[in-house]
Structure formats: C-alpha cells, structure tokens
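K.L.:
Predicted structure and sequence below. I'll ask about it afterward.
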Amino acid sequence: MKAYVYVSLKKSVLDPQGKTIQGALTKMGYQGVEDVRQGKFFEVTLDGKLGRDAAQAEVERIAREVLTNPVIEDFRYSLED
C-alpha cells in the first residue's frame, strides 16, 4: 500500500517562494496564472501488515508529527492499494 502525502502552507501564511515563481512565470510569458503556492510531496510505501484503517491512522500520525509543521502547514493524503 502506498500513501501520497501533500503538505502546503496554510492559506493565512505568506508564501514568498510561490510569489517568486508566479512572478517568474509572468516574466516568461505564461498567461492566466493568478497565484502559485509551493509545497512538499511525500510517497510513503507501507509494508502491508496494517489494515486500511490502521494504515490511514498511521499515515495521519506520520504527517502530523513528522512531515509538517502544524503551526504553518496543512496536509492531505490519499492511500492506494
């Protein structure tokens, strides 16, 4: 089973790297880009010993305790069998 974890800055947190990327895209001639927010992506392979509910709980725990700074970041994830 694989877990795909997406971490991004909370909407209330300024994202200077995203703004820099947005500015660069505009200068390069890309059109229609209103906003860019950068983030992190993690692919976690689970060993299969956990059931789906236990895997979900473990991925949430990993994301909350290790992969994110809960003060400034949010996360979402998906599981794939």
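P.N.:
Cool, got the structure.
K.L.:
Helix, strand or coil: sort out the residue in the chain sticking out farthest from the centre for me.
P.N.:
The centre of the chain is farthest from one residue, G29, which by CA atoms, centre = their mean lies 27.2 Å away. Of the three states, G29 takes coil under DSSP: H, G, I helix; E, B strand; the rest coil.
K.L.:
what about it, distance to T20?
P.N.:
Using CB to CB, to the nearest Å, G29 is found at 17 Å from T20. (Glycine included, C-beta is placed from N, CA and C.)
K.L.:
Check which residues of stretch 14-32 are buried.
P.N.:
15, 18, 22 (16 or more other CB atoms under 10 Å).
K.L.:
and of the residues you listed, the nearest to R64?
P.N.:
D15 (20.9 Å; CB to CB).
K.L.:
Tell me how far the closest one lies from M28.
P.N.:
Distance of D15 to M28, computed by CB to CB: 19 Å.
K.L.:
so D35 sits in a helix?
P.N.:
No - per three-state DSSP, D35 lies outside any helix segment and is coil.
K.L.:
What sits closest to it if chain neighbours are left out?
P.N.:
Q22 (6.5 Å; CB to CB, 6 or more residues apart in numbering).
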